[in-house]
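1. pasted the sequence and its predicted model underneath.
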Amino acid sequence: MPRRARLRIADIPLHIIQRGNNRAACFYNDDDCLFYPHHLGEFGRKFECAIHVYALMTNHVHLLLSPRKAAGASLLMKHLGQRYVQYVNKTYRRSGTLWEGRFRSSLVQVQDYLLRCYRYIELNPVRANMVEHPAGYRWSSHSVNAAGKQSTLITPHAEYLALGTDGPIRRQRYADLFRTEIDEVELKDIRVAVNGGYAFGGERFKTEIAAALGRRVAPAVGGRPAGGGGYDEKQQELSL
């Protein structure tokens, strides 16, 4: 059965997940968690992808980015994946694949939906019981977006900037978004979209994306998500 083509449109944010092969670890120590974002920034600049959010989990990665060109995210992930595998294989004297095939992604509507993905990604370590609050996790963008830590990697999206007229107000309003948990319906919607390669947004957004690409961008009514719907986040988010 042929693989479904990814949804790719320039300047529309993408939520990306890349997992370790067989749910195995892809980050082993602090040096690995420093190497990956450094080169994420390098290839983000090269392929014109603005990185808004990231979280490095033990056995997978979450990213939220905006590609200036439709193919930008695929080029970034290809070159970053190769660079990181070379580093891991050399460092740990291993060989073979590290990643679980293709990365997964979903286009994200900006209005009303983008900041939900911000929260979803930065709350990953909390849902995995690694920390009690995202501020306690080193390997994500939360310290930049919520606390103002200086970063050459993160480019704030306009929707994030619209939270406030200056940095302190903006960061406080962003931090306030984390006072409540994400409800189960929203969690399911985000997971189905990113794991199935669909669009995450309202019906109008999905209709517009479908018309632009000439293909279905949401699960069939009554059908199962792509991949059989067998995703289990608790198994994917193993603690460090």
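-> Alright, I've got the coordinates. Numbers count the residues shown, from 1 in each chain.

2. where does the residue nearest to the spatial centre of the chain fall, phi/psi-wise?
-> What sits nearest the mean C-alpha location of the chain, by CA atoms, centre = their mean, is residue 63, with 2.6 Å. Residue 63 adopts backbone torsions of phi -130, psi 150, taken as degrees, to the nearest 10.

3. beta partners of it?
-> On the basis of DSSP bridges, residue 63 is bridged to residue 16, residue 54.

4. tell me where this structure has strands.
-> In the chain, the strands defined using DSSP state E lie at 14-19, 49-56, 60-67, 104-108, 199-200.

5. TSV for these, including mean pLDDT and distance to residue 147?
-> Using the backbone N, CA and C atoms, a C-beta is placed for each residue, glycine as well. Shown next, in TSV, are the strands of the chain (pLDDT from 0 to 100; distance: least, CB to CB, whole Å):
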stretch	mean pLDDT	distance to residue 147
strand 14-19	98	22
strand 49-56	98	14
strand 60-67	98	18
strand 104-108	97	24
strand 199-200	96	26
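
6. just the ones you listed: most buried one?
-> By mean neighbour count, with neighbours taken as mean count of other CB atoms under 10 Å, strand 199-200 ranks first of those at a mean of 26.

7. picking up where we left off before, was I right about the residue nearest to the centre of the chain contacting residue 53?
-> Yes. When contacts are counted by CB atoms under 8 Å, residue 63 is listed as touching residue 53 (7.1 Å).

8. report the set of residues contacting both of these two.
-> By CB atoms under 8 Å, 6 or more residues apart in numbering, residue 63 and residue 53 have these common neighbours: residue 121.

9. how about the nearest residue to residue 159, chain neighbours excluded?
-> Distances taken as CB to CB, 6 or more residues apart in numbering put residue 114 closest to residue 159, at 4.7 Å, once the chain neighbours are dropped.

10. report the contact partners of the closest residue to residue 126 other than its chain neighbours.
-> Excluding the flanking residues, the one nearest residue 126 by CB to CB, 6+ apart is residue 134, at 5.9 Å. Residues near residue 134 by CB under 8 Å, 6+ apart: 122-123, 125-126, 140, 142, 146, 178.
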